[in-house]
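no sequence on this one, just coordinates:
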């Protein structure tokens, strides 16, 4: 039914002191707004293309100092827009980092901070996921009439206890989804090995324990044959068979069950299991290109979430052996090519001037990632920054190479050196789209636009805390004046001797006393002057040491008081594998299909 509009008579208009032509214009505008408000809103609202790379290091990109890996398309974004040199992930692992990116909130607020060694969702057949009461920016965009799509990696859960796909991207704001609901792992490559085989628990504890059990079993059988044991053969063999099954389970699980997670879904349908790595990048790029082409005449939000440069490393034949940094460099260059393909279609459709483009990594490069085949380094390079993936406090794990382009407001070549965060994307894109920021919850992100336009020169983040799982390892303080950025480390990982990594364990951990070192007073650095965190601040070289440490400690206390207790998505009950919840194309455990979407 058309809205009823009462026209104002010319006599009434003159009484109000308004000229008749002006009145007609006003009435026309009012009629247009009443009859077609959504069309006006859509014309004013920009498009958004958000790229997230998996495990890319700060030093892997040309515009961040790498002159041997070629990234011309990422460099082009920086030249045509802005480079954020102090852009921080809310976690040094993919699952909590991505939760914070989508919600604008510290992961601990949504139960995405782990209190044990597993800090990512290890498989799909469990009940862990981004809670349904969390609001992603995609949800708000979809409600406002945007076309929304996620192409690529999700890794924020899939199935709740009822068996419904409660945590699926379609239920977190994305109209269209095509990609891997978990992630890319070495198990997805037939000859990629497994990181679990390299861990201390597997090599130093599990394997020797298996040999000891085997020796014990043989000894018991020999004693029985020699008549030294009065045990019935049936009972003896039954116990040994049960023990063998228990010991064999981890190996069977690694080799048979984990590869079942290497699947692609289109919306809620499995279209490939296991997926083929060879042409995966072009496949995902083509989906993003098609989404843009299909929605070029309406506002859209595209989140292209790369499965690379996480291991297993994979490229098309065109990029094999192309870089100076082996398979890892090849992957970075193919990823950059994919960015270029999507930027080209934006330009071809005439959308460049009204499309906000953003690119970042979910966490730092994985310094301990070494190939099990030939010893080649397969993790990212974090440049001058110390630490890497899994290290919640060191900047190598949380400081991301980030570029963006927004021709309407951001000058080409802009550089922002102030502390910013992944969480800032949430309020930034909402305000650019003229959407309201939720008022029913704490939003930790801050609008980036004042810094990007030069209206502000100091970050709105006076304090930022840095978690490792559910434990605060460090905190950052940006005073309102000056150039200093102070950072206090309360806990740091114990690196292997002579290294700056945890190669024995494959990944640094957060809590165990033999894996971390606590600092009281905290290690203090001025990362405004010392981004490499090589020169600790002490009471001897900084008169305000005690004041700075006390100020940061008070901010940490205030932050902790703002955290409400929620269910941990990383509880053993939630992350425990349930075979009946494992997505399967076919008959479990023989899951296999290649369907045409």
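Cool, got the structure. Since we're looking at a predicted model, the values are computed, not measured. Numbers count the residues shown, from 1 in each chain.

Outside of stretch 440-453 itself, list whatever touches it.
With Cβ atoms under 8 Å, 6 or more residues apart in numbering as the test, stretch 440-453 has contacts from 82, 90, 100, 104-106, 109, 135, 404, 406, 409-410, 414, 416, 418, 420-428, 431-432, 437, 455-457, 459-461, 562. For every residue, glycine as well, the C-beta is placed using N, CA and C.

how distant is that stretch from the center of its chain?
19 Å (Cα atoms, centre = their mean, to the nearest Å).

what packs against the top helix by length along the chain?
Longest helix of the chain, by residue count under DSSP state H: helix 326-348. Taking 3 or more Cβ pairs under 8 Å, 6 or more residues apart in numbering; DSSP states H and E as contact, the helices and strands that helix 326-348 lies on are strand 47-53, helix 72-80, helix 280-294, strand 300-305, strand 355-361.

Near residue 181, how many other residues are there?
24 (other Cβ atoms under 10 Å).

Against residue 171, how distant is it?
Using Cβ to Cβ, to the nearest Å, residue 181 is found at 12 Å from residue 171.

again with residue 581
16 Å.

cool, and residue 315?
In terms of Cβ to Cβ, residue 315 sits 33 Å off from residue 171.

Neighbour count: these two, which is higher?
residue 315 (23 against 18).

Quick one, which of the helices and strands packed on helix 326-348 gets closest to residue 122.
strand 300-305 (18.6 Å; Cβ to Cβ).

which neighbours does that closest one have in its sheet, and in what orientation?
Paired strands of strand 300-305, with direction, are strand 47-53 (parallel), strand 147-152 (parallel) (DSSP bridges).

Give me the angle between the shortest one and helix 326-348.
Which is strand 147-152. If you take axes from the mean of the first three to the mean of the last three Cα atoms, to 10 degrees, strand 147-152 sits at 160 degrees to helix 326-348.

how distant is the very next helix or strand once past strand 147-152 from the center of its chain?
Per DSSP states H and E, the first helix or strand lying C-terminal to strand 147-152 is strand 176-179. On the basis of Cα atoms, centre = their mean, strand 176-179 is displaced by 16 Å from the centre of the chain it belongs to.

Equivalent analysis for stretch 90-105, please.
On Cα atoms, centre = their mean, the centre of stretch 90-105 falls 6 Å from the chain's centre.

what pLDDT, on average, does it get?
Taken as a whole, stretch 90-105 has a mean pLDDT of 98.

do stretch 118-127 as well
Rounded mean pLDDT across stretch 118-127 is 93.

First residue to last residue on it, what's the distance there?
Start-to-end span of stretch 118-127 (Cα to Cα, to the nearest Å) is 15 Å.

Just the residues contacting that stretch, thanks.
91, 93-96, 128-129, 155-161, 181-183, 257-258, 260-261, 263, 390, 469, 510, 570, 573-583.

Just the buried ones from those residues, in ChimeraX syntax?
Here is the ChimeraX selection string for the buried members of these, based on 16 or more other Cβ atoms under 10 Å:
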select :91,93,94,95,96,128,129,155,156,157,158,159,160,181,182,183,257,258,260,261,263,390,469,510,570,574,575,581,582,583
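
Just the contacts of stretch 118-127: which are in helices?
Going by DSSP H, the helices hold 94, 95, 96, 573, 574, 575 from the contacts of stretch 118-127.

any weak-confidence spans in the chain?
1-43, 190-206, 249-258, 596-597 (pLDDT under 70).

now stretch 363-377: how far from the chain's centre is it?
Between the centre of stretch 363-377 and the centre of its chain there are 19 Å (Cα atoms, centre = their mean).

Kindly report the same for stretch 62-78.
For stretch 62-78 - counting by Cα atoms, centre = their mean - the centre lies 21 Å from the chain centre.

Now the terminal residues of it, how far apart.
10 Å.

And stretch 271-282, by the same measure?
Per Cα to Cα, stretch 271-282 runs 16 Å from first to last residue.

repeat for stretch 431-445
End-to-end for stretch 431-445, by Cα to Cα: 12 Å.

Could you work out the end-to-end span of stretch 146-163 for me?
Rule used - Cα to Cα; the end-to-end distance of stretch 146-163 is 29 Å.

on that earlier part again, CSV please, covering the ones in helices among the contacts of stretch 118-127 and showing distance to residue 216.
Converted to CSV, the ones in helices among the contacts of stretch 118-127 look like this (distance: Cβ to Cβ, whole Å):
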residue, distance to residue 216
94, 40
95, 39
96, 42
573, 33
574, 36
575, 32
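
wait, residue 71 sits on residue 56?
No: the criterion here is Cβ atoms under 8 Å, and residue 71 misses it with residue 56 at 9.8 Å.

Neighbour count: the two, which is higher?
Each of residue 71 and residue 56 has its neighbours counted (other Cβ under 10 Å); residue 56 has more, 31 against 25.

Would you check that residue 526 makes contact with residue 538?
No: Residue 526 is beyond contact range of residue 538, at 11.5 Å (criterion: Cβ under 8 Å).

So which of the two has more stuff around it?
Higher neighbour count among residue 526 and residue 538: residue 526, with 18 against 11, using other Cβ under 10 Å.

ok, the more buried one - contacts?
Here residue 526 is in contact with 484, 485, 486, 487, 537, 542 (Cβ under 8 Å, 6+ apart).

ok, of those, which one's closest to residue 48?
residue 485 (29.0 Å).
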